[in-house]
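In: Below are the sequence and a predicted model; questions follow.
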Amino acid sequence: MTFRWERLRTSPAFGSSDDDENVRADISVAEVEEAVAKLRNDAAPGEDALTARMLRPLCVRVQSRPGEDSEPRPLTMALHRLFTLCWCSKTIS
């Protein structure tokens, strides 16, 4: 699975139509988890001073029992909600 922004950027229809499947699809919690997992440890923090090393442990699912599906972490859910709001409003500020 590839994070949505990468799929959108590499899409042959990028910039040509809002009908592209990548544009219409919802952002999934799994995509948020994958994006956080792909953050570079050595990247400089932005204005918010958050680093990958700070975010990653707060977004990794913890299994309570082997073989049992675990729930997403609260920070993952908050990031998912934020990204979904930005994606739906087509606004990043």
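Out: Looks like it came in fine. Residues are numbered from 1 along each chain as shown.
In: all contacts plus neighbour counts: C-alpha atoms, from now on.
Out: Noted.
In: Just the buried positions in the longest helix seen in the chain, please.
Out: Ranked by number of residues, the top helix in the chain under DSSP state H is helix 74-89. Applying a neighbour-count criterion of 16 or more other C-alpha atoms under 10 Å, the buried positions in helix 74-89 are 76-77, 79-81, 83-84, 87.
In: Show me the contact partners of that helix.
Out: By C-alpha atoms under 8 Å, 6 or more residues apart in numbering, the residues outside helix 74-89 that reach it are 26-29, 32-33, 58-59, 92.
In: where do the helices sit along this structure?
Out: Under the criterion DSSP H, helices of the chain are mapped to 4-10, 21-24, 29-37, 52-59, 74-89.
In: Show the average pLDDT along the second one.
Out: Helix 21-24 comes out with an average pLDDT of 64.
In: Kindly report the same for the last one.
Out: Model confidence over helix 74-89 averages 90 on the pLDDT scale.
In: Run the angle between that helix and helix 52-59 for me.
Out: Interaxial angle, helix 74-89 versus helix 52-59 (axes from the mean of the first three to the mean of the last three C-alpha atoms, to 10 degrees): 100 degrees.
In: change the start of the numbering to 35 and stick with it
Out: Fine by me, first position is 35 from now on; the one you just mentioned is helix 108-123.
In: can you give me the offset of helix 108-123 from its chain's centre?
Out: What separates the centre of helix 108-123 from the centre of its chain is 8 Å, taken as C-alpha atoms, centre = their mean, to the nearest Å.
In: Can you check what angle separates it from helix 63-71?
Out: 110 degrees.
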